[in-house]
Structure formats: structure tokens, C-alpha cells
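**Q** Quick one, what's the 3D model for this:
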Amino acid sequence: MSGPEPRLGAAEAGTVLDRLPAIVATWDTDERCRYANAACGRWLGLDPAAMVGMPLGEALGAQLYAVNREDIAAALAGRPRTLDRVVVNAAGHRRTCQAGYVPLLADDGGVTGLLVHVTDITERLERELGNQDALAREALRAERHRIAEDVHDVVLQDLFAAGLELRAGMAEAPPNPLALRALEAIDDAVTELRSTILAIEEDLAGDGLAAVLHRLVEQAANDLGVVPVLTWRGRLDAVPPALGRTLVAVLVEALAAVTRHARVGRLAVELACSPQEVTLTVSDDGAPGELPAPDLVGMRRLAGLRGGEVSVTTDPRGGTTTSFRTPVPDDATDDAVAPTPHADLTGLRR
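**A** Numbers count the residues shown, from 1 in each chain. Got it, this is the predicted structure:
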């Protein structure tokens, strides 16, 4: 006859949890800490014993708490959450984490608090994205992307303008052989430049969506002096490639708008993916006021092409949230509405 199952005592359980590399902490319904393991203390730069009784907002800090507030509220309402997020730890290092918020339930089913468990997946993600050679290639691709942007925004537009002006002049006078040859040369140059830009952009096609999002967030951090918090929910690898390019184009426009018009202390980027719908949200705490209409034209055009929508909400006290929502198309029809790379993947602008 077997005896009762062995159970860990409180001290043994604490020892086991302290040896885990993952963060484990519990909080009551008033968002006060009940328990934090050693990894949690190291991550936040706090003494785990001193954290007991500490408010969750105080432990995380204002920015990280604001980003996690929705997930905390969901868990305390009985709805578990799992997500991936890029955050900065107490040592100032940017890390990619997989976080879970799990409701703690009493015997009667009532919520008594929440369990937070966070695993640092930075190294795993870096392995998935490639080795140091791959990272160097990414830097080269980013530079080529910047060059493509400059060519499209300056050289190509100037050639277009010259061609239009030349055509207008030719319409008012008999055709001049020299003018005709010049016009043909301009058309050939435009065609060649388009092909070159397209080739540069297609060189980026091998990047996963996660890698491109990381790169855009890194660039925004350099432009704004603020480290954006990047979160995604669902499977990024299930996003069709053409839809992924659209999302990148929208994110570029949204981050460029923030760079031009907002003085921010907090910036969050979230991508939520389901089999039916994808939503990209960019929120900041910048100066109050609506985004100028020109900043929304590109996003609304892309939304219209995909049967989606763009919404913008502002807080009178400061802060703007821009959301791009679109259905996930069938693979067979996805390429029909993919943005032309040289026209839409234009990069951040100061």
C-alpha cells in the first residue's frame, strides 16, 4: 500500500523557486506582492524579501506597469494572459521575455490574486534569428534600406517632377528630338531606379517579421531617445508575407509620426495576431493633440486596400494611440494587395 504523496514544505518550495532562472511572483487582488523569487529580485533590482507587501506599480516602475496594466487587470478578472515582450531590466539591458499572467483561484472559484511567471527568451530568439554573421547582414540590409529610401524620396521624385515638366513643355510646342531623347532617358532612369529599389527591398524578404519589428523598434529608440516596449500576441510566423510587409509599412508611418510630432517618455508597440484578424497598436504619452491628417493618409490607404481600418484616440492630458486593424486574407489573394516595397517601406524620417 503506497503512502501519501510527498509534498514540498514552504522552505523547500522557496529554495526550488529561487533556483529557477525564470521570474515567479504572486500578487493579491490589491496588487500587493505576496511572494517573489530570487530571479524576480535580480530582474527588478530589488530585495525579494523587501518586495512582500510592495504595490505592483512600485515594483515595476511607471512605464512597465502602464504597459502591463491591461494584462494584470485581465488576470485579476479571471482571464489568463500569455505574451512576448521586449523590456529593459534593472541593469539597463534590453531583453525579450515570454510572460504569463495566471489568476489564482480559491476553492469556490473566486480570484484571490495572480501568478506572474516570466522567462527570458532573448538567447533563444537570437539563435532563431541567426548568429553574429546574420546580425551583421541585418545591419547591412538596414543601411541598404536607408539608401533605397533616400533614392525613392529624393532622386526618384525629382526625376518624376522633371519628366512631368518636360512633358508639359512638349505639349505646348512641336516635339524636339533632344527633348524626346531626354524624356526617354528620364523614363529609363526611373525604371532602372524602381528595379534597383525593388531588388534592395526584396533582399529583406528573408527576414522574419519579428526581426524586422525589432529593427524598427531599435531605430525608433535611437531617434526618440526612448526605448519602446514591443509586445506581440499570437504566432508571427503565421502572418502571410504580404500582410507582414503591410504591417511593417504601417509601423514605419506610425513611428515616423511619433518622431516628428511627439515628445514622448513612453512608447509601446503591440501586434496582436489571430487566424482571423491582425491589430497593430502604437501608443505614446506625448504632447496632446491629434496627428496631422497627412500622417494618416498612408495608413488609411493601406487599411482601405485590405478592408481594414485605422483609428486614432488622444488623451487631452497627453498621449496618442493609433491602431491599424485588418482581416487576415487567404494566402491565394494576399499578394494582390501587398504594398509596393519601394513605395511604402520608406523608413523612419526625422
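
**Q** can you give me the helices in this protein?
**A** Remark: helices assigned in the chain by DSSP state H are 10-19, 38-44, 48-51, 56-60, 62-76, 122-129, 132-150, 157-171, 177-202, 209-224, 241-261, 294-305, 331-334, 341-344.

**Q** Pull out the buried residues from the fourth one.
**A** The reference is to helix 56-60. 56, 59-60 (16 or more other Cβ atoms under 10 Å). From N, CA and C alone the C-beta is placed, and that goes for glycine too.

**Q** ditto for the first one
**A** Of all the residues in helix 10-19, those buried under the rule 16+ other Cβ under 10 Å are residue 17.

**Q** now it: mean pLDDT?
**A** The average pLDDT for helix 10-19 rounds to 75.

**Q** Need the contact partners of it.
**A** By Cβ atoms under 8 Å, 6 or more residues apart in numbering, the residues outside helix 10-19 that reach it are 8, 24, 37-39.

**Q** CA atoms only for it, dumped as PDB, please.
**A** What follows is helix 10-19 as a C-alpha-only set of coordinates in PDB (Å, rounded to 0.1, in the frame of the first residue of the first chain):
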ATOM      1  CA  ALA A  10       7.300  26.100   2.300                       C
ATOM      2  CA  ALA A  11      11.100  26.300   2.800                       C
ATOM      3  CA  GLU A  12      11.800  23.600   0.200                       C
ATOM      4  CA  ALA A  13       9.400  25.200  -2.300                       C
ATOM      5  CA  GLY A  14      11.100  28.600  -1.800                       C
ATOM      6  CA  THR A  15      14.500  27.000  -2.400                       C
ATOM      7  CA  VAL A  16      13.300  25.400  -5.600                       C
ATOM      8  CA  LEU A  17      11.700  28.600  -6.900                       C
ATOM      9  CA  ASP A  18      14.900  30.600  -6.000                       C
ATOM     10  CA  ARG A  19      17.000  28.300  -8.200                       C
END
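
**Q** ok so, going back, ok, of the helices of the chain, where does mean pLDDT dip lowest?
**A** It's helix 341-344: among the helices of the chain, that one has the lowest mean pLDDT, namely a mean of 34.

**Q** hang on, the earlier thing: next, format the contacts of helix 10-19 as CSV and append distance to residue 298 and neighbour count.
**A** Formatted as CSV, these follow (distance: Cβ to Cβ, whole Å; neighbours: other Cβ atoms under 10 Å):
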residue, distance to residue 298, neighbour count
8, 57, 11
24, 44, 18
37, 46, 23
38, 48, 18
39, 43, 22
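
**Q** quick check, nearest of those to residue 258?
**A** residue 39 (33.2 Å; Cβ to Cβ).

**Q** residues touching that closest one, list them.
**A** Residue 39 touches 18, 20-24, counting by Cβ under 8 Å, 6+ apart.

**Q** Can you list which of those are found in strands?
**A** If you go by DSSP state E, the contacts of residue 39 have 23-24 in strands.

**Q** any idea which of the buried residues of helix 56-60 is the one closest to residue 255?
**A** When the buried residues of helix 56-60 are compared against residue 255 (criterion: Cβ to Cβ), the nearest one is residue 60, at 24.2 Å.

**Q** one step back: what would the buried residues of helix 56-60 look like in TSV with distance to residue 277?
**A** Shown next, in TSV, are the buried residues of helix 56-60 (distance: Cβ to Cβ, whole Å):
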residue	distance to residue 277
56	30
59	34
60	29
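
**Q** Please report how far residue 271 lies from residue 323.
**A** Residue 271 sits 11 Å away from residue 323 when distances are taken as Cβ to Cβ, to the nearest Å.

**Q** These two - which one has more neighbours?
**A** Legend: neighbour count by other Cβ atoms under 10 Å for residue 271 and residue 323, higher for residue 271 (23 against 19).

**Q** If we ignore the residues flanking it in sequence, what's nearest that one?
**A** residue 232 (4.4 Å; Cβ to Cβ, 6 or more residues apart in numbering).

**Q** can you pull the contacts of residue 102?
**A** Contacts of residue 102 (Cβ under 8 Å, 6+ apart): 75, 80, 114-117.

**Q** Can you read off the pLDDT for it?
**A** 92.

**Q** How about residue 230?
**A** pLDDT, residue 230: 87.

**Q** partners of it in the sheet?
**A** residue 86, residue 269 (DSSP bridges).

**Q** Now do it: how many residues are near it, please.
**A** For residue 230, the count of nearby residues is 24 (other Cβ under 10 Å).

**Q** residues touching it, list them.
**A** By Cβ under 8 Å, 6+ apart, the neighbours of residue 230 are 85-86, 213-214, 217, 269-270.

**Q** related to what we said a few turns ago, give the intersection of the neighbour lists for residue 271 and residue 323.
**A** Common contacts of residue 271 and residue 323 (Cβ under 8 Å, 6+ apart): 279-281.

**Q** Out of the residues you listed, which comes closest to residue 264?
**A** Nearest member of these to residue 264, counting by Cβ to Cβ, is residue 281, at 14.9 Å.
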